[in-house]
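[1] Predicted model and sequence follow; I will ask about them next.
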Amino acid sequence: MNISRNRLLGLVVAVVVLALAATACGSDDDAGSDDSSSETTTAPAGDDGGGGEGFAVSLFEWGVDAPATAAAGSLEITATNDGAETHELVIVRADSPDDLATDDTGKVDEAGLAEGDFIGEIEEFEAETSETATFELEAGNYVLFCNIVEEEADGAFESHFLEGMVTTLTVS
């Protein structure tokens, strides 16, 4: 087979260009993200911020929509407030929401958790916005929830946690 030098060079360049394009398009962590979102970069102590794996969480009145499972490691979590009220995302190591003690207002007692069970949080953020943070999650069971409590005009407390803004996550 007789291939000219220019044709061979053209084929090599085409292969290199295709390989570079495939590498550049292989992973897009921001796919579908909204440029108006703010980003929180705080992470638990000891987190190197590496990894790049992660998932999205939707918070709304009165629920939390998140995957049921995730792979262990450094996970970038993007929380979107799809509700009309301010929300937050708290992550704790626990088997079930029933394992979490609440005070008389319905707020989960984060300070009363066993050492190491409080993983971190994305603090309160407004409706129709998103926040992103990276957390180091080891294999185990976790509870994700909003821990905001509002006092109503009649003096009653509205606990987002007790209203159903809670879900579980199994990490393996």
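    Thanks, I have the structure now.
[2] which residue ranges form the strands in this structure?
    Assigned by DSSP state E, the strands in the chain fall at 53-60, 63-65, 69-70, 73-81, 87-93, 118-125, 130-137, 140-145, 149-151, 157-159, 166-171.
[3] right, and those strands - which one's nearest residue 111?
    Among these, strand 118-125 comes nearest to residue 111, with 8.4 Å by CB to CB. Any C-beta I mention is one placed from the backbone N, CA and C, and that applies to glycine too.
[4] That closest one versus strand 130-137: what angle between them?
    180 degrees (axes from the mean of the first three to the mean of the last three CA atoms, to 10 degrees).
[5] ok, and for strand 118-125, which residues are buried?
    118-122, 125 (16 or more other CB atoms under 10 Å).
[6] Go through those and name the one nearest residue 171.
    Nearest to residue 171 among those: residue 119, at 10.3 Å, using CB to CB.
[7] And the pLDDT for residue 152?
    If you check residue 152, the pLDDT there is 95.
[8] List the residues that contact the nearest residue to it once chain neighbours are set aside.
    Closest residue to residue 152 apart from its sequence neighbours, by CB to CB, 6 or more residues apart in numbering: residue 158 at 5.9 Å. Neighbouring residues of residue 158 by CB atoms under 8 Å, 6 or more residues apart in numbering: 106, 149-152.
[9] Understood, closing this out.
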